[in-house]
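# how does the following fold in three dimensions:
(chains A, B and C)
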Amino acid sequence: MRRTGLAALLSHWRRQPLQLVTLVLGLALATGLWSAVQAINGQARASYAQAAEQLGANRLLGLTAPNGSIPVAQYVQLRRAGWQLSPILEGRVRLNSTTISLLGVDSLSYPVPPAPASDQETLDPADILTAPGRLFAHPETADKLAVAALPAPLIVTDHLPVGIVLTDIAIAESLLERSGEISRILVLPDQPAGLVPLSDIAPDLVLSEPNGDADIARLTDSFHLNLTAFGLLSFAVGLFIVNGTVGLAFHQRRGMFRSLRALGVPLGVLTELLLFELLALALLAGFLGLIIGYLVAAALLPDVAASLRGLYGAPVTGTLTLRPAWIASGLAIALLGALIAGGQGVWHLHRLPILAAPGLQSWRLGSASRDRTQALTGVGLVVGGFLVQGLAQGLIAGFALLAGLMLGAALLLPPILGQVLGWISARARDPVAQWVWADLRSHMPGLSLALMALLLALATNIGVGTMVSSFRLTFTGWLDQRLASELYVTARSDDEGAAIRDWLLSRSDAVLPIRYGELRLADQPGRVYGIADHATYRDHWPLIEALPGVWDRLHTERTVLINEQLARRTDLWPGDEIALRSGWTVEIVGVYSDYGNPNAQAIVSLPALLLHVPSVPNRQFGVRIAPDLSVRLVDELRSTFGLPTSAIVDQAAIKARSLGVFEKTFVVTGALNVLTLGAASFAILTSLLTLWTLRLPQLAPVWALGLTRKRLAWLEVLRSVALTALTACLALPLGLALAWVLLDVINVEAFGWRLPMHLFPLDWARLAVLALIAGGIAAVIPARRLRTTPPADMLRVFSNER
Amino acid sequence: MLLSVQNITKRYPGSDPDLPILNDVSLELDTGETLALTGESGCGKSTLLHLVGALDGFDSGEIHLDGKALSGLDDAARAALRRGTVALVFQQFNLIPSLTVAQNLAFHARLAGQEDPDHIAFLAERLELHDHTHRYPEHLSGGQMQRVAIGRALAVRPKLLLADEPTGNLDERTGDLVFDLMIELVKQSGTALFLVTHSRRIADRLDRHLLLSCGRIA
Amino acid sequence: MNARACIVLLMLCISQPANAQGFAGLGTDAEGFAIPQPGQPLDFPADHGAHPAFRIEWWYLTSTLTGDDGHSYGVQWTLFRSALKPYEDAGWQSPQLWMGHAALTSETTHQFDERIARGGIGQAGVIAEPFSAWIDDWQMTGQPKKGLSELKLTARGEAFQYELLLNADTPLVLHGEAGYSTKTEDGKASYYYSQPAYSVTGTLQLPDGPVNVTGQGWLDREWSSQPLSEDQTGWDWFSLSFDSGARMMGFRLRDSGDGYTSATWIHPDGSSVSLPNGALEIEPIETAVVEDRRIPTVWQVALPAQDLNITVTALNPQSWMGTSFPYWEGPVTVMGSHAGRGYLEMTGYE
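Okay, the predicted model is just below:
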């Protein structure tokens, strides 16, 4: 019986191959979308984890000197006091015309020495430790370096981040020409008992939290958050699509279910068969979706990798590896979605009478009570989200708000659309219009899942797009302000710094020293900058909040500007006081935005800094000069002081680099947008196609009453476009709400700074047009079918033997 | 002559070309006349009705409806014909589920651009639908639904009403009541009626009675 | 294989047997490392210091102690030197590598730690006069003009720490032929001398608190460039102090055959006799499972020439040095024809 029953169920697909294709494709698209985002995210995360682990410092404290360089003798002194440490000398160096980050480590103490990629290579320690040494690099880095002309043999290893070349500190010393220097010292995890505190034996060194990597982690998390939000939302979109597709697959076969049951197939067996069929289809579609997702991710990943690398200097390998968790989550969404939808289908099956009631058997009007339940649930979810966010702070609460808002809004869509359509149809004068609107309304239940998916897709596009665009606008604006000087020069020593400054004074409009000390600000590691009184700051520095006369007060009173992160974390705002170090408490007169920097920062007047913080290095300068003169000045600077290329930075170059990075980010976001929208449109198409067989009995009478098939076909397209348009109208506020949550709630929770929200109506318009086109295209196939349906098929509706 | 069917032959694609569903059928119907067509299931009754209602095309012969030859009409002209000259009542009622009773009643007339609220109100009254005008079809009984369908058809003041087993889905008592009403309204308005039925009892109440057997008029 | 593991192997001379062929008469091997020559007198205090021209070298101090709590303890303090090239250089460029091992053993516990450094920057090294050997904060320091006779010894790990004062008034013992100690049948050798007779006082810092201890100490100094043959898989090494005042150093290098043994008998007055291959007879009589391998922890040791027939038993069978290159090293007690205490080192047990 089971075999016969299953054969009968499957025979439906043989007769209706298009339905099967749409079902499988719908499931596959949903899975593909989800898994593409997951793959990109997972890959990026894995790369960071690997990079952080390989840099060995992600869990280690670091020691640095205020002037940037620790003498080897001091390292030995700390070692001989018993401290277990590992020195690192790092810097940028040109190898064969490629500039790379050189990480010089003491091979004997470095916690995570790299292993060669191939087991065949045996390493003689003498080769590593003595000249010419060995260079270790990731295969991608190695590809960029012309191996033949390197100063030492290159060993390829998977255990290093891209863009970094590791070598023994003895080799690094000579390559970087910094003999006897150490950039930072790692404090190893296991220390002997009873050591003299570092602050006593090395008071001049600053013990910092895991530094560089933590920065990378926090900064790149910002970008990941975008992708994570995108992943969650695409999960929701996918779930709706799967749910809709499977639901319709059940609906289409109600007649068959009835017949099977009438012929004696027990309900339990039928349920089993359906679930079996469903799981098989879900698995098939899931794997198909994984392939789609993999291809999409593989196509996008180079851009993602490039944008992350460029944006934050975080290394991401541009190749995709298959992770079991990724495959599992991709299959899970296909199975989960299919089961949720299948569960509903089975539930309906259990309530399905064996004999069809006479008369109206097609789509019923959405029942008022169900609409009300759905509306109440939707409102409950939205309110719940806000409650969670209000009661519990934190990132999780932010995401709860996000989830509540989006799901609630999705649930609210059908009741709202129903109300709107009812309102319009009640006001329609023309009978055809009246019929179209009323008919649309009656079809809401069949289309609602597809429309919810569309709503989420559109809102996601608007929300994430707004966030990314706002991020770019804010960030570039901030770059303009913060990089106000035309040139930035870094000297190799304080003496050289002084000489450069004197030299520049007569050759530029202004020389602005960039000097800072590492202090603890309100018990957090941070920097205090001392600035000269110059119009550059008054004109360009981005203040979020300030007391009147902020700049005058900064330079004449005991006052300070702090960055937004510090202000938010400590809840200190203009008018409050803050201790910069013992005996140095100052009033806050302003708060400035400081995007991308996870740490506390403050600005005082330069004399105040020099007064309170000893031995502040004097090596960096911003130089104001007419842009057309800057190229010549750079040349002169280089030739006069023999400065390396990296010592002089042209701000235009920095800005160009940043913008280039954002373009990459946009490519990725844009591609994902198109994908989500495409998947949602496909859901509409599927719904319309499946509704088609159910629509005919309703269209035939209208046709019989004197509307041509051509007109009906146009009306079909119009209906779809109208629904899409209405959904788009509702998606706009939802998308903006989403952007607000991302920028104002989640970003603040995650990173401590608020991104100002900018609106991009042109983007919305473009998206709306795209959505309308998608909605139209989705209806074109059913409409064409309608247009060419032979009258005989329409007449079958009236056949008494039906 | 309101309707003239001359030597009509109709085959369905894929069916045996030697066994047309309608074979050389001819009949005529005058204004105000009522005609019943009976026959066995599948002998082509509904098909003939659909041809007369300009819902489908035929292979040979000609149908003249209100002076127009149907064979030469395009889709739009056929649709126009269905909007005024003829109206249909089906066994399955074929109401529009998303519209209320009132809207359904007025729908066809408004499509035809000749809505007459008084006439519709009159019909609703006569058909005892005036208490249900704001309800949706799914909340109506079978008899009520068919009365709406009849009202919708008559609201356009058609010259010819085509009815295909209008009482076939109703029990005998309800069917008789609905049929009586329909006949009464048709007679009052002078509308011609072309009724397909398998019931001799009903057929005998009309002016003329034709029997269709194996695609031919017996 | 990572760099550090390579370095450790190198230090323990397991690698590169092919390069260890001596060039007779020239005194250096193929890579320029010096090779011990017989008949070359040792020169003190200079030879207390490092010999960068030789491939490997160690300062190896073991001490059997008794605490004021009545328990027996053992302390190990070792500084290894391993040269990648036969010279010293300043700064990170130095090819001299240093490794320190420290351990503190009781009947029930065995704590150890390891330090690795390179020469050239001052993190580790040895100075001959006044004597000073150190790696990080682990130190073995002498007094001016006193050679190795008065030493202060410190080391600490995550959960232990010790500080010992060592005093010896007997002369240094030169093993083999005046310090030229043969290790193989084909004549590979090392320079090897000891101070076996320190009296020790000091304090141990244990997790449960400090313990004052007294006891005896034994310092071994050895350097070479090629001590092992290719078929030699490891060694069993004993340094024993008997209640009679006599002492014995003995070892067997294991190979596929009977192995190669060597021993030095030290009279209570400090005079000594070197005994040739075959004179020392050792036999494991009990093993224990230590870190997933079987290791002999009770030995039958006989030196017929000195009427010695004893049983040597590990104080703590789990005296496993789980360092980069793992081995067994711990205090032992002696019973039989002679009673006493000492140290046992065993390497090469897989």
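# do the helix or strand hosting B:L161 and chain A meet?
Assigned by DSSP states H and E, B:L161 belongs to strand B:160-164. Yes. Judged by C-beta under 8 Å from any C-beta of the partner chain, strand B:160-164 and chain A are in contact via B:D164. No exception for glycine: its C-beta is placed from N, CA and C like everyone else's.
# the stretch 301-450 of chain A: helices as residue ranges?
Assigned by DSSP state H, counting those that start in this stretch, the stretch 301-450 of chain A shows helices spanning A:324-351, A:368-391, A:395-427, A:431-442, A:444-482.
# may I see these organised as JSON lines, with mean neighbour count, mean pLDDT and distance to chain B added?
Output for the helices of the stretch 301-450 of chain A, formatted as JSON lines (neighbours: other C-beta atoms under 10 Å in any protein chain shown; pLDDT from 0 to 100; distance: least, C-beta to the nearest C-beta, whole Å):
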{"stretch": "helix A:324-351", "mean neighbour count": "18", "mean pLDDT": "76", "distance to chain B": "17"}
{"stretch": "helix A:368-391", "mean neighbour count": "15", "mean pLDDT": "83", "distance to chain B": "12"}
{"stretch": "helix A:395-427", "mean neighbour count": "20", "mean pLDDT": "85", "distance to chain B": "8"}
{"stretch": "helix A:431-442", "mean neighbour count": "22", "mean pLDDT": "82", "distance to chain B": "3"}
{"stretch": "helix A:444-482", "mean neighbour count": "23", "mean pLDDT": "76", "distance to chain B": "10"}
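# check chain C for its longest strand and report it.
Longest strand in chain C, counting residues (DSSP state E): strand C:189-206.
# check which residues of it are buried.
C:189-198, C:200, C:202-206 (16 or more other C-beta atoms under 10 Å in any protein chain shown).
# same check on stretch C:277-284?
Of the residues in stretch C:277-284, C:N277, C:A279, C:L280, C:E281, C:I282 count as buried by neighbour count, 16+ other C-beta under 10 Å.
# how about the CA coordinates for the longest strand of chain C, as PDB?
Taking C-alpha atoms only, strand C:189-206 is exported to PDB below (Å, rounded to 0.1, in the frame of the first residue of the first chain):
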ATOM      1  CA  ALA C 189      84.700  10.800  23.500                       C
ATOM      2  CA  SER C 190      83.900  13.900  25.500                       C
ATOM      3  CA  TYR C 191      85.600  16.000  28.100                       C
ATOM      4  CA  TYR C 192      84.100  15.100  31.400                       C
ATOM      5  CA  TYR C 193      84.800  16.200  35.000                       C
ATOM      6  CA  SER C 194      82.800  16.400  38.200                       C
ATOM      7  CA  GLN C 195      82.600  17.900  41.600                       C
ATOM      8  CA  PRO C 196      80.700  15.000  43.300                       C
ATOM      9  CA  ALA C 197      81.000  16.000  47.000                       C
ATOM     10  CA  TYR C 198      79.100  19.100  47.700                       C
ATOM     11  CA  SER C 199      77.400  19.500  51.100                       C
ATOM     12  CA  VAL C 200      74.200  21.400  50.600                       C
ATOM     13  CA  THR C 201      71.900  23.600  52.700                       C
ATOM     14  CA  GLY C 202      69.000  25.600  51.500                       C
ATOM     15  CA  THR C 203      65.300  26.100  51.200                       C
ATOM     16  CA  LEU C 204      62.700  24.600  48.900                       C
ATOM     17  CA  GLN C 205      59.500  26.500  48.200                       C
ATOM     18  CA  LEU C 206      56.800  24.000  47.700                       C
END
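# can you list the strands that the helix or strand just after it pairs with?
Moving toward the C-terminus from strand C:189-206, the next helix or strand (DSSP H and E) is strand C:209-224. Applying DSSP bridges, strand C:209-224 is found paired with strand C:56-67 (antiparallel), strand C:189-206 (antiparallel).
# CA atoms only: put strand C:209-224 into PDB for me.
Written as PDB, here are the backbone C-alpha positions of strand C:209-224 (Å, rounded to 0.1, in the frame of the first residue of the first chain):
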ATOM      1  CA  GLY C 209      55.200  26.200  52.000                       C
ATOM      2  CA  PRO C 210      58.900  26.400  52.500                       C
ATOM      3  CA  VAL C 211      61.000  23.400  53.600                       C
ATOM      4  CA  ASN C 212      64.600  23.800  54.900                       C
ATOM      5  CA  VAL C 213      66.800  21.100  53.500                       C
ATOM      6  CA  THR C 214      70.300  19.700  53.900                       C
ATOM      7  CA  GLY C 215      72.100  17.000  51.800                       C
ATOM      8  CA  GLN C 216      74.600  16.300  49.100                       C
ATOM      9  CA  GLY C 217      75.200  17.600  45.600                       C
ATOM     10  CA  TRP C 218      77.000  16.500  42.500                       C
ATOM     11  CA  LEU C 219      78.000  18.600  39.600                       C
ATOM     12  CA  ASP C 220      78.900  17.200  36.200                       C
ATOM     13  CA  ARG C 221      80.600  19.200  33.500                       C
ATOM     14  CA  GLU C 222      80.800  17.700  30.000                       C
ATOM     15  CA  TRP C 223      81.400  19.000  26.500                       C
ATOM     16  CA  SER C 224      81.900  17.400  23.200                       C
END
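# average pLDDT for the helix or strand just after it?
Of the helices and strands lying after strand C:209-224 in sequence (DSSP H and E), the nearest is strand C:234-242. Regarding strand C:234-242, the rounded mean pLDDT is 92.
# orientation of strand C:234-242 relative to strand C:56-67 in degrees?
If you take axes from the mean of the first three to the mean of the last three C-alpha atoms, to 10 degrees, strand C:234-242 sits at 40 degrees to strand C:56-67.
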